[in-house]
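# Let me see the structure of the following:
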Amino acid sequence: KYPLGQFDVAGLYAAARRGLRFHHEKIDFCLGGSTLNMLATRDDSSPYFACMIAGTKTILVSKQKEYVRNLSDVGFQFERLVTGRAMNDWNVTTV
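Modelled structure (predicted):
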């Protein structure tokens, strides 16, 4: 359950470790695909959480939902394709 089950900030942490400077880049919000879809369709039937990322002025908005992980799903296959991993690689690197 939130906040222990959320890993949305992991990508931001990795970006910061690779040189992204939130205060210099003036990043105000971090939105995922579900949040953008909610804004586009104006469907706010699912709960969303907003939190400020520690040490920055960036607000992370994420959908609170338990997702079913299907590694044969197109999104996971696409991730393996663009990262150069084999299609039969079932090691999960994202959540």
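# and T35, how far is that from M52?
Distance, T35 to M52, using CB to CB, to the nearest Å: 15 Å. C-beta coordinates here come from the backbone N, C-alpha and C atoms, glycine included.
# all strands for this protein, in order.
Assigned by DSSP state E, the chain shows strands spanning 29-31, 48-52, 59-63.
# Mean neighbour count and distance to A16 added to the ones you listed, as JSON lines?
Below are those laid out as JSON lines (neighbours: other CB atoms under 10 Å; distance: least, CB to CB, whole Å):
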{"stretch": "strand 29-31", "mean neighbour count": "15", "distance to A16": "12"}
{"stretch": "strand 48-52", "mean neighbour count": "13", "distance to A16": "15"}
{"stretch": "strand 59-63", "mean neighbour count": "18", "distance to A16": "13"}
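# G11 is nearest to which of those strands?
strand 29-31 (8.5 Å; CB to CB).
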